[in-house]
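Novice: starting from these lines, generate the structure:
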Amino acid sequence: MGINMRKSGILLPVSSLPSEYGIGTFSKEAYEFVDFLESAGQRFWQILPLGPTGYGDSPYQSFSTFAGNPYYIALEDLVGKGWLTKEECDSCDFGGDDGYVDYEKIYLSRFLILKKAYERSGIGEAEDFRQFQEENGFWLEDYALYMAVKNSFGGKSWTEWEEDIRVRKPGALKAYREKYKEEIEFYQFQQYLFAKQWLALKEYANKKGIQIIGDIPIYVALDSADTWAAPELFQLDEECRPIGVAGCPPDAFSATGQLWGNPLYKWEYHKETGYEWWMHRISYCYRLYDVVRIDHFRGFDEYYFIPYGDTTAQFGHWEKGPGYDIFKTMKEKIGKKPVIAEDLGYLTPSVLKLVKKTGYPGMKVLHFAFDDSEDSAI
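Specialist: You can find the predicted model right below:
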């Protein structure tokens with residue numbers, strides 16, 4: 001990142017960009033924002049997670065840590081390809097308030113209009129689509145199958161599916177792949193469009209001297225392709241129910257703490273595999289971003305364990321995380337990459353020691369410097 005050079009940037013989620021169709025997308029308005037950053041002398045565009053939003057329309061409860069949000073696909077580009085008409089796009093109800101994202105209306109309209117584009121695209125015959133499928137097969141196949149099966153069960157979490165597909169019996173996987181072949185390809189088509197449009201926007205930003213700061217949540221959602229495809233990575237029981245879930249204890253912001261509900265990692269298993277899943281995850285992030293901000297960095301030192309079924313976070317306890325070992329592995333296997341450690345909140349001496357040992361810059365919020373509840377760290 002150039003530690004001897006001061007740089008500044010702006011945080012703006014893609015969803016907050018202006019758009020004709022209900023939510024910010026990779027349309028001309030995104031390119032205009034990059035032009036604005038350049039003219040303002042900025043060097044960073046920080047965004048929030050780009051994954052498909054799940055429970056509560058939250059980017060931190062995503063159906064996949066690898067997939068992109070199909071809401072961000074610029075429909076204008078599909079009109080230009082002849083796969084949609086402007087009249088079809090304009091006829092969709094994405095909500096009428098320019099300052100508010102109506103996720104329900106976007107959900108009900110976006111997939112229908114994208115399905116029309118898919119049916120007209122003939123994408124299955126395109127060489128670059130097949131290449132995309134091959135290059136991203138390590139996550140794309142499970143994600144597309146997961147979404148197709150999820151739809152077949154009326155949107156239910158995979159933990160409520162029939163046992164054969166819930167536990168991924170080979171016969172069930174084969175049967176569902178055959179039955180929902182077209183639906184699976186439709187979800188792969190969405191990801192192909194997302195990647196193509198996002199990487200084109202990123203390239204444009206980079207040529208303008210703007211780097212993208214991406215956001216990687218430390219946890220994945222229970223209701224996700226990641227957890228369904230690899231339950232061995234998480235603290236789950238024999239029925240694939242969480243033993244404990246993530247959150248944080250009571251503090252000045254919440255008397256009962258924060259109950260996030262994400263499954264916790266089985267760190268001993270990750271260590272045995274050389275953190276293989278994490279290396280795939282982080283490597284993929286550097287395809288999408290120039291700098292990665294790792295959310296809730298404290299969780300690598302110690303993580304808060306809340307017994308599954310608790311209705312608040314009051315009765316959890318701290319357990320030891322992987323510590324520096326995972327970042328040592330990352331530097332050995334991926335190389336020294338630019339990382340920002342989101343180290344906000346109450347920090348113990350061991351967390352501060354971990355941040356210092358990694359060499360990653362942490363974060364400071366100016367507003368907190370004037371909080372009289374404790375000494376300022378700024």
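
Novice: who touches the helix or strand of the chain with the lowest mean pLDDT?
Specialist: Using mean pLDDT, DSSP states H and E, helix 349-358 stands out as the lowest-scoring helix or strand of the chain, at a mean of 91. Under the contact criterion C-beta atoms under 8 Å, 6 or more residues apart in numbering, helix 349-358 has outside partners 297-298, 300-302, 323-324, 327, 339, 341, 343, 362. Every residue, glycine included, has its C-beta placed from N, CA and C.

Novice: tell me where the protein has helices.
Specialist: 28-39, 75-80, 86-91, 103-121, 127-135, 137-152, 163-166, 170-179, 181-207, 225-229, 267-272, 276-288, 324-333, 349-358 (DSSP state H).

Novice: deepest-packed of the ones you listed, please.
Specialist: helix 225-229 (a mean of 24; mean count of other C-beta atoms under 10 Å).

Novice: what sits against residue 286?
Specialist: Contacts of residue 286 by C-beta under 8 Å, 6+ apart are 292, 334, 337.

Novice: about what we covered before: the contacts of helix 349-358 into CSV, with extra columns for distance to residue 30 and pLDDT?
Specialist: Listed next are the contacts of helix 349-358 as CSV, based on distance: C-beta to C-beta, whole Å; pLDDT from 0 to 100:
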residue, distance to residue 30, pLDDT
297, 28, 92
298, 32, 91
300, 32, 96
301, 36, 95
302, 38, 95
323, 38, 96
324, 37, 96
327, 32, 96
339, 25, 95
341, 27, 92
343, 30, 83
362, 29, 87
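
Novice: looking at these, spot the one nearest residue 135.
Specialist: Closest approach between the contacts of helix 349-358 and residue 135, by C-beta to C-beta: residue 339, at 24.2 Å.

Novice: what is the burial count for the nearest residue to that closest one once chain neighbours are set aside?
Specialist: Leaving aside its sequence neighbours, residue 339 sits nearest to residue 360 (C-beta to C-beta, 6 or more residues apart in numbering; 4.6 Å). Using other C-beta atoms under 10 Å, residue 360 is surrounded by 21 other residues.

Novice: residue 360 and residue 206, how far apart?
Specialist: From residue 360 across to residue 206, the span is 22 Å (C-beta to C-beta, to the nearest Å).

Novice: just the pLDDT for residue 236.
Specialist: Predicted confidence (pLDDT) for residue 236: 96.

Novice: how about low-confidence regions in the stretch 1-150 of the chain?
Specialist: 1-4 (pLDDT under 70).

Novice: now the residue most central in space within the chain: phi and psi?
Specialist: The residue lying closest to the centre of the chain (C-alpha atoms, centre = their mean) is residue 51, at 3.7 Å. Main-chain dihedrals, residue 51, degrees, to the nearest 10: phi -70, psi 160.

Novice: which ones are touching residue 190?
Specialist: With the criterion set at C-beta under 8 Å, 6+ apart, residue 190 makes contact with 70, 73, 114, 118.

Novice: in a markdown table, list these along with distance to residue 163.
Specialist: Converted to a markdown table, these look like this (distance: C-beta to C-beta, whole Å):
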| residue | distance to residue 163 |
| --- | --- |
| 70 | 30 |
| 73 | 35 |
| 114 | 32 |
| 118 | 31 |
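
Novice: closest one of these to residue 200?
Specialist: Of these, the one sitting nearest to residue 200 (C-beta to C-beta) turns out to be residue 73, at 12.0 Å.

Novice: thinking again about what came up before, could you dump the contacts of helix 349-358 into a markdown table with distance to residue 40 added?
Specialist: Formatted as a markdown table, those follow (distance: C-beta to C-beta, whole Å):
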| residue | distance to residue 40 |
| --- | --- |
| 297 | 29 |
| 298 | 33 |
| 300 | 34 |
| 301 | 37 |
| 302 | 40 |
| 323 | 40 |
| 324 | 38 |
| 327 | 33 |
| 339 | 25 |
| 341 | 27 |
| 343 | 28 |
| 362 | 25 |
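
Novice: report the buried members of those residues.
Specialist: The neighbour-count criterion (16 or more other C-beta atoms under 10 Å) marks 297-298, 300-302, 323, 327, 339, 341, 343, 362 among the contacts of helix 349-358 as buried.

Novice: rebuild these as a markdown table, extending it with distance to residue 132.
Specialist: Below are the buried ones among the contacts of helix 349-358 laid out as a markdown table (distance: C-beta to C-beta, whole Å):
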| residue | distance to residue 132 |
| --- | --- |
| 297 | 32 |
| 298 | 36 |
| 300 | 32 |
| 301 | 37 |
| 302 | 39 |
| 323 | 36 |
| 327 | 30 |
| 339 | 27 |
| 341 | 32 |
| 343 | 36 |
| 362 | 36 |
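
Novice: widest-spaced pair of these?
Specialist: Farthest pair in the buried ones among the contacts of helix 349-358, by C-beta to C-beta: 302 and 339, 19.2 Å.

Novice: state the distance from residue 220 to residue 341.
Specialist: In terms of C-beta to C-beta, residue 220 sits 19 Å off from residue 341.

Novice: what of residue 294?
Specialist: 6 Å.

Novice: common neighbours of these two, please.
Specialist: In contact with both residue 294 and residue 341: no residue, using C-beta under 8 Å, 6+ apart.

Novice: hang on, the earlier thing: I'd guessed the residue nearest to the centre of the chain sits against residue 61; true?
Specialist: No. Contact criterion C-beta atoms under 8 Å: residue 51 and residue 61 do not qualify, at 9.2 Å.

Novice: what's the burial count for residue 258?
Specialist: Neighbour count of residue 258, defined by other C-beta under 10 Å: 17.
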